[in-house]
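**Q** Whatever this is, show me its structure:
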Amino acid sequence: MLESVMNLILPIIIHILELMGVAIICFGAVRSIITYFKTQLAKGKGRRLSDAKGVDNVKVMLGTSLELGLEFKMGAEIIKTLLIRDLSEIWILAAIIVLRTMLSVLLHFEMRTEKKKSEVDTKLKESN
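**A** Alright, predicted model coming up:
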């Protein structure tokens with residue numbers, strides 16, 4: 001009985017987690033695009049926007065949403081391991097998890113580097 005309940009409920013949970021991951025990535029991309037255009041318009045008019053953290057580093061905003069969205073999608077992949085029936089599915093799922101983990105690690109490293117660069121740039125601007 002428990003197996004039939006899991007086979008009924010887990011696919012729904014997996015789809016919800018994947019949808020949340022996609023929604024977070026899309027929302028972050030739209031927010032980053034809007035911020036980028038606001039920044040470019042402000043630069044064109046010769047002034048700066050007041051939201052310096054969000055405006056100065058659009059890459060960090062987008063990268064953060066990509067990281068979070070990938071975490072949701074990886075959670076869905078991990079839950080999929082409960083539904084696996086044969087060895088070939090395990091190999092496919094393992095490859096997907098390894099690729100997403102590598103993407104997450106690379107994004108995290110990139111975001112940390114960008115944040116440090118942004119902090120250095122802010123300190124240089126303040127000292128001038």
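**Q** C-alpha from now on. contacts and neighbour counts both.
**A** Noted.
**Q** Figure out the helix or strand that the residue nearest the centre of the chain lives in.
**A** Residue closest to the average C-alpha location in the chain (CA atoms, centre = their mean): L66, at 1.7 Å. If you go by DSSP states H and E, L66 is part of helix 58-80.
**Q** And A42, by the same measure?
**A** Using DSSP H and E, A42 sits in helix 2-44.
**Q** Measure how that helix sits relative to helix 58-80, angle-wise.
**A** Counting by axes from the mean of the first three to the mean of the last three CA atoms, to 10 degrees, helix 2-44 lies at 170 degrees to helix 58-80.
**Q** what's helix 2-44 packed up against?
**A** Contact partners of helix 2-44 among helices and strands, from 3 or more CA pairs under 8 Å, 6 or more residues apart in numbering; DSSP states H and E: helix 52-56, helix 58-80.
**Q** Now do it: distance to the chain's middle.
**A** Relative to its chain's centre, helix 2-44 lies at 8 Å (CA atoms, centre = their mean, to the nearest Å).
**Q** same check, this time on stretch 1-12
**A** When C-alpha coordinates are averaged (CA atoms, centre = their mean), stretch 1-12 and its chain have centres 28 Å apart.
**Q** ok, of the helices and strands packed on helix 2-44, where does mean pLDDT dip lowest?
**A** Among those, helix 52-56 has the lowest mean pLDDT, at a mean of 51.
**Q** mind checking which helix or strand R85 is in?
**A** For R85, there is no host helix or strand (DSSP H and E).
**Q** To what extent is it buried, counted in neighbours?
**A** Using other CA atoms under 10 Å, R85 has 9 neighbouring residues.
**Q** what residue ranges in the chain score low on pLDDT?
**A** The model of the chain has pLDDT under 70 over residues 46-56, 128.
**Q** run the last query once more with 90
**A** Within the chain, the segments meeting pLDDT under 90 span 1-7, 35-64, 67, 74, 77-78, 80-97, 99-101, 103-128.
**Q** quick one: the next helix or strand along the chain from the helix holding L66 to helix 58-80, angle?
**A** Sequence-wise, the next helix or strand downstream of helix 58-80 (DSSP H and E) is helix 87-127. Here the directions of helix 87-127 and helix 58-80 differ by 160 degrees (the same axes, to 10 degrees).
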